[in-house]
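In: A predicted structure for the sequence below; I have some questions about it.
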Amino acid sequence: MLRLLKIEWNKIYYYKATRIFTIIYFVILLAIGGILALIKPEVGGMKLDIAKLGTFDFPVVWQNISFLVAIAKIFIAVIIITNVTNEFSNRTLKQNLIDGLSKKEFLTSKILTNLIFASLSTLFVLGICLFLGLTFSSSEEGIFKGMEYMGAYFLKMNLFFSIALFLAILLRKAAFAFLGLIVLWMGEGMVSTVEFLLKAWMEKGLEKVDPYGVFISNYLPLNTSSKLIDMPKMSMEGFVFGGSVFKYSPVDWTFVVAGIIYTFVFLFFSYRLLKKRDL
């Protein structure tokens, strides 16, 4: 395992674009933790203090921050896709196989890279949540409630990275892999829209459809990744009475199960592609 990690480290470290995107990603995470509490937007002539709206109260801080920073995962996806597709375009994969590296070991090295990026990202987010929560939280809830969102965040990262890895191996070209990711995202969005409109037609009105209800399309791969940490629910009562605007809702474990299954499915098909193709 250490041998595989060393090989992968050399490939990542000595590629300039990879270093740049890695730095950008973690700087974004740190910047969110550093400046988010200082943002005080003005709405209707009234200045709003984000911290006083309960954004960083335990336990909602775990969901709020992990939902927000997850957007930056695309930077790591760029690294993963570029790293894999370079193996094909530069023929380093073929050379590694000639030198004795098996296809299984090659894929294992990529999976280990995904796990390391996901782990480091989760630790950064954990630190940001603890810092903001311990500094600004006025809630009497303990810090451990809601921490399951860190597990959901780790799974979310791994699922998204597994999809990126699969597309990179399937399409072999970075541009095609990115396009495949966009097409998959748009395709799932279209399916979700069609299902919503179908429900509206059956219920005889858009307003009668519960946006938090059960939708089959939510369990598509990228939608599952999104739903692992859903958009935080908000309460206008809390805003009116000076309390927290955000409502705590636990992780939906059906998406956790779906996320685990999808992660293994994409990794399995990545291996099948590598095994069957003439490289």
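Out: Received the coordinates, thanks. Numbering: from 1, shown residues only.
In: Tell me if I'm right that T263 and M157 touch.
Out: No: between T263 and M157 there is no contact under Cβ atoms under 8 Å: 10.2 Å. C-beta here means a position set from N, CA and C on the backbone, and glycine is covered the same way.
In: Output the below-cut-off pLDDT ranges for the stretch 151-279 of the chain.
Out: 236-243, 278-279 (pLDDT under 70).
In: returning to that earlier point: compare T263 and M157 (neighbour count), which wins?
Out: More crowded of T263 and M157, by other Cβ atoms under 10 Å: M157, with 25 against 22.
In: Give me the phi and psi for the closest residue to that one other than its chain neighbours.
Out: Leaving aside its sequence neighbours, M157 sits nearest to A118 (Cβ to Cβ, 6 or more residues apart in numbering; 3.8 Å). A118 adopts backbone torsions of phi -60, psi -40, taken as degrees, to the nearest 10.
In: mind listing what A118 touches?
Out: 154, 157-158, 161 (Cβ atoms under 8 Å, 6 or more residues apart in numbering).
In: Tell me where the protein has helices.
Out: In the chain, the helices defined using DSSP state H lie at 2-13, 16-35, 60-69, 73-89, 92-98, 103-136, 148-171, 174-203, 221-228, 236-240, 253-276.
In: which strands and helices sit next to the fourth one?
Out: In terms of contacts (3 or more Cβ pairs under 8 Å, 6 or more residues apart in numbering; DSSP states H and E), helix 73-89 is packed against helix 2-13, helix 16-35, helix 92-98, helix 103-136, helix 148-171, helix 174-203.
In: Make CSV from these and add distance to V61 to it.
Out: Below are the helices and strands packed on helix 73-89 laid out as CSV (distance: least, Cβ to Cβ, whole Å):
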stretch, distance to V61
helix 2-13, 32
helix 16-35, 11
helix 92-98, 43
helix 103-136, 4
helix 148-171, 9
helix 174-203, 28
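In: of all those, which lies closest to K227?
Out: When those are compared by Cβ to Cβ, helix 148-171 sits nearest K227, at 9.3 Å.
In: The closest one versus helix 174-203: what angle between them?
Out: Helix 148-171 and helix 174-203 are oriented at 120 degrees to each other (axes from the mean of the first three to the mean of the last three Cα atoms, to 10 degrees).
In: which residues of the stretch 1-150 of the chain score low on pLDDT?
Out: Low-confidence segments of the stretch 1-150 of the chain (pLDDT under 70): 40-49.
In: run the last query once more with 80
Out: Along the stretch 1-150 of the chain, the parts satisfying pLDDT under 80 run over 1-2, 5, 7, 9-16, 32-53, 96, 98, 139-140.
In: For stretch 212-228, buried residues please.
Out: Residues of stretch 212-228 classed as buried: 215, 218-228 (neighbour count, 16 or more other Cβ atoms under 10 Å).
In: Tabulate these in CSV, adding columns for distance to G34.
Out: CSV is the format used below for the buried residues of stretch 212-228 (distance: Cβ to Cβ, whole Å):
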residue, distance to G34
F215, 36
N218, 33
Y219, 36
L220, 35
P221, 33
L222, 30
N223, 31
T224, 31
S225, 26
S226, 26
K227, 29
L228, 26
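In: ok, I216 to T193 distance?
Out: According to Cβ to Cβ, to the nearest Å, I216 stands 13 Å off from T193.
In: I79 too?
Out: Where T193 is concerned, I79 sits at a distance of 31 Å (Cβ to Cβ).
In: which of these two has more neighbours?
Out: A side-by-side neighbour count of I79 and T193, using other Cβ under 10 Å, places I79 first with 22 against 11.
In: circling back: and the helices and strands packed on helix 73-89: which comes nearest M234?
Out: Short answer: helix 148-171, nearest of these by Cβ to Cβ, at 16.8 Å.
In: buried residues in that closest one?
Out: 148-150, 152-169, 171.
In: I'd like to know how many residues surround the nearest residue to T113 once chain neighbours are set aside.
Out: In space, and not counting its chain neighbours, T113 is closest to E8: 5.2 Å by Cβ to Cβ, 6+ apart. For E8, the neighbour count with other Cβ under 10 Å is 18.
In: so E8 touches I111, yeah?
Out: No: contact criterion Cβ under 8 Å: E8 and I111 do not qualify, at 10.1 Å.
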